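J.: With the sequence up front, the predicted model follows.
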Amino acid sequence: QDQLVESGGGLVQAGGSLRLSCAASGRTFSSVTMAWFRQAPGKEREFVAAISRSGGTTYYQESVKGRFTIFREYGKSTVYLQMISLKPEDTAIYYCAARRGGYSDYVPEYNYWGQGTQVTVSS
């Protein structure tokens, strides 16, 4: 992937919903694992969710299971993160990432990164 561009962040009240999008350029979207990470102020970047190259398998951080859903749309070379029941602790910059290998939740193993989109959840 040459470029990843996120969108969809914003300010929402606790309990609300947001959908993040990540548009990937290049011609190899179907050959990369896609993931979302997040980084809160003063904290390390952490894994949130990932989806396999086929789209058939998804992975989630324990704290977002049941609230976040990752899915990909091949015709648009876009991956999404649907977030519901948002909590103040979900506040962070959310980054889209891609890697040519299989699933990983390890930041250094991702080759491509977007610029990030801010998600702020007020209490």
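T.: Done, it's in.
J.: which residue packs closest to Trp113, ignoring adjacent ones?
T.: Ala97 (5.2 Å; Cβ to Cβ, 6 or more residues apart in numbering). Any C-beta I mention is one placed from the backbone N, CA and C, and that applies to glycine too.
J.: Please report phi then psi for that neighbour.
T.: Backbone torsions of Ala97, given as degrees, to the nearest 10, read phi -150, psi 160.
J.: same question, the one 10 residues further on
T.: Val107 has phi and psi values of phi -50, psi -50 when expressed as degrees, to the nearest 10.
J.: Next, the contact list for the nearest residue to it once chain neighbours are set aside, please.
T.: Leaving out its chain neighbours, the residue that sits closest to Val107 by Cβ to Cβ, 6+ apart is Arg45, at 5.3 Å. Shown in contact with Arg45 (Cβ atoms under 8 Å, 6 or more residues apart in numbering): 37-39, 95, 107.
J.: Spatially central, which residue of the chain would that be?
T.: When Cα atoms, centre = their mean is applied to the chain, the residue found nearest the centroid is Trp36 (2.3 Å).
J.: Could you give me the buried positions within the helix or strand that contains that one?
T.: Element membership of Trp36 [criterion: DSSP states H and E] is strand 33-39. By 16 or more other Cβ atoms under 10 Å, the buried positions in strand 33-39 come out as 33-38.
J.: For Arg38, see how far away the residue nearest to Val107 is.
T.: Here Arg45 is placed at a distance of 7 Å from Arg38 (Cβ to Cβ, to the nearest Å).
J.: Show me the common contact partners of those two, please.
T.: Residues touching both Arg45 and Arg38 by Cβ under 8 Å, 6+ apart: Tyr95.
J.: quick check: angle from whichever helix or strand comes after the strand holding Trp36 to strand 33-39?
T.: For strand 33-39, the following helix or strand on the C-terminal side (DSSP H and E) is strand 46-51. Counting by axes from the mean of the first three to the mean of the last three Cα atoms, to 10 degrees, strand 46-51 lies at 160 degrees to strand 33-39.
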